[in-house]
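Student: dropping the sequence and predicted coords here.
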Amino acid sequence: MLGRRGSLWFLAVPPYLWLIALFLMPLGVVAAISLLPGSGRIDFSGGWPSLNQYQQVLETPAYLRRLGISVGMAFVIAASATILAYPIAYFLAFRARQRATIFLVLLLVPFASSYLLRVMAWKLLLGREGAINWVLTSVGLVKEPVGLLVYSQAAVVITLVYVWIPFAALPIYAALQRVDRSHLEAAADLGAGPWTRFGRITIPLSLPGVLATFFMVFIPTVGEYVTPSLVGGIDGLMYGNLIQDFFTRAGNWPLGSAMAVLMLLAVLILVTLALRLVDLRRVAP
Amino acid sequence: MSAGSEVRRPSSAVGVGRTRVPLGLAYALMIVFLYLPIGVLFVFSFSTNKNLRFPIQGYTIDWYAQIFQNEQLLTAARNSLVVGFLAATVATGLGLAAGIAVVRFRFAGRGLLLALAGAPLVVPFIMLAVALFLLFNLLDVPRSLVTIAAGHSVIALPYAALILLSRLIGLDPALEDAAMDLGASYPTTLRRIVIPLLGPSLLSAWLTCFIVSFDEVALAVFLAGRDQTFPVFLYGQLRFAQTLPVMIAMAVLLMVGTVALTLVAFAIRSRSE
């Protein structure tokens, strides 16, 4: 008969092995391949490890520029989604009362619908002969269809903000629900108005949720390649599209690997810096 | 809005006055913003237009009828079901094991397991896609539905672990102690007490993982062999104008399915809590 302690092995080991084999090990493989000297076959016998690939990336301004643009776009997208989701989450947590569940479900349904379909919807809206141009011209606001709305950086930003908003509301909603209502009442008794209470109590207490939201949108967005390839045109291409290209058309795995590793490093550095800037221990309840 | 717009109301039952910000209106506008694009596409899926162009010339259900004549499309949808089933089952099983280990035991690698189970959420998908692509190449594992499912099990695991963790924390450990005092082994206790109590959460976790996998494209594009899942197939076809209307019709049809599943998962969870 298996005791409680003995069972621990059967519980902890499978998830450990699975995540080591299919998460940590593959990340190690990317790192190893990024240190290959040449772009040809995967061959670890000669000249490994080498920083050739990293040198090549760092010496190509176009790659670094694209990384900078992608980080910037991800920042704008994550910040917009977070800011737009905050009032919605606030409404659900403080105003919706017993109807909060149904309102939450209503918000989440679009998130459960197909991702590609939502991207296509924006292509349909923003196209030269799309819905927005059609409405504008038939109402008579513009004579000629407005030039390309789709196939731009703006189209990528709008589409991804749209895609992320419902998801962004979730961590903020959870954080707002945890805000102790008695703090607000105490502040009110001491004469603080609604805006003071919001600024001095609600915002600081919900800040961990806000930060969580920001990063849960920011991190996947930095590496986004599907949406840019559909609505981004050439201007809206992101760093992820370059990486994808090196693994498909260009067929240069070592260089693509180095670019992927640099992206992950950039993300980790930014996250660490941000967490240091906003001392979580001071704002967390 | 300035501080001048503040209102001080006499303390009500809630005891706290409110600002005049029309949050209900903001919510309503957001819902319109979220549903409008999907609605437009839904209407468009019944149009006779062959291109993504407005205005709509006429209405038809032809595209929906054509779905059932498109063998490739049906195969891709079937593949998605298989991948989703495998990924959700593995992710839920591992999430359950990890959840019980983390909540009920104190051991050396506990914090690391918790961090590792959540880590796939904070790595950009393309990084994981490239990583698994290279791993399978290095190990000479041919890309197939199984490799897609393996990738999806990793990204779905954090969702399963989160859902099950929050339920396990609320579960009284005394129930397990009682079962063991009465002579049950720990595995029996898990099978007869813990898993039945977790039932609805397990189903909800499984459905969530299934939906995560069913809709995923960024990872699947890298891990698909000749057999494609529906999102991979759709992504490949989106450049070809002539198949676009059928693709949109199929996507709308599947969307109705995933939305229904999500509502079921949500209902199960809110009832069990």
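Tutor: Received the coordinates, thanks.
Student: quick one, helices of the stretch 1-150 of chain A?
Tutor: Using DSSP state H, counting those that start in this stretch, the helices found in the stretch 1-150 of chain A span residues A:4-19, A:25-34, A:52-58, A:61-90, A:100-112, A:115-126, A:131-139.
Student: which among those helices is found nearest to residue A:173?
Tutor: helix A:61-90 (4.1 Å; Cβ to Cβ). In short, each C-beta sits where N, CA and C put it, glycine included.
Student: please identify the most buried of the helices of the stretch 1-150 of chain A.
Tutor: Highest mean neighbour count of the helices of the stretch 1-150 of chain A: helix A:115-126, a mean of 24 (counted as mean count of other Cβ atoms under 10 Å in any protein chain shown).
Student: which strands and helices sit next to that one?
Tutor: Contacts defined by 3 or more Cβ pairs under 8 Å, 6 or more residues apart in numbering or on different chains; DSSP states H and E place helix A:115-126 against helix A:131-139, helix A:153-178, helix A:226-231, helix B:23-44, helix B:230-237, helix B:244-272.
Student: with mean pLDDT as extra columns, can I get the helices of the stretch 1-150 of chain A in a markdown table?
Tutor: Shown next, in a markdown table, are the helices of the stretch 1-150 of chain A (pLDDT from 0 to 100):
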| stretch | mean pLDDT |
| --- | --- |
| helix A:4-19 | 90 |
| helix A:25-34 | 95 |
| helix A:52-58 | 92 |
| helix A:61-90 | 95 |
| helix A:100-112 | 85 |
| helix A:115-126 | 88 |
| helix A:131-139 | 81 |
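Student: make TSV out of the ones you listed and add distance to residue B:234.
Tutor: As requested, the helices of the stretch 1-150 of chain A are exported to TSV (distance: least, Cβ to Cβ, whole Å):
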stretch	distance to residue B:234
helix A:4-19	29
helix A:25-34	26
helix A:52-58	32
helix A:61-90	23
helix A:100-112	17
helix A:115-126	5
helix A:131-139	21
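Student: pLDDT score assigned to whichever residue of the stretch 51-200 of chain B sits closest to chain A?
Tutor: When distances are taken as Cβ to the nearest Cβ, the stretch 51-200 of chain B reaches nearest to chain A at residue B:124, 2.7 Å away. pLDDT for residue B:124: 92.
Student: who's in contact with it?
Tutor: Contacts for residue B:124 (Cβ atoms under 8 Å, 6 or more residues apart in numbering or on different chains) come out as A:219, A:220, A:222, A:223, A:224, A:240, A:263, A:264, A:267.
Student: so which of those residues sit within strands?
Tutor: Using DSSP state E, the subset of the contacts of residue B:124 located in strands is empty.
Student: for those, which single residue is the most surrounded?
Tutor: Neighbour counts for those (other Cβ atoms under 10 Å in any protein chain shown) peak at residue A:240, which has 30 neighbours.
Student: tally of neighbours for the closest residue to residue B:252 other than its chain neighbours?
Tutor: Of all residues not flanking residue B:252 in the chain, residue B:45 sits nearest, at 4.7 Å (Cβ to Cβ, 6 or more residues apart in numbering or on different chains). Look at residue B:45: counted by other Cβ under 10 Å, it has 22 neighbours.
Student: spit out the contact partners of residue B:45.
Tutor: Here residue B:45 is in contact with B:63, B:64, B:245, B:248, B:249, B:252 (Cβ under 8 Å, 6+ apart).
Student: which of those are buried, as a PyMOL select command?
Tutor: Command for PyMOL, covering only those of the contacts of residue B:45 found buried under the criterion 16 or more other Cβ atoms under 10 Å in any protein chain shown:
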select buried, chain B and resi 63+64+245+248+249+252
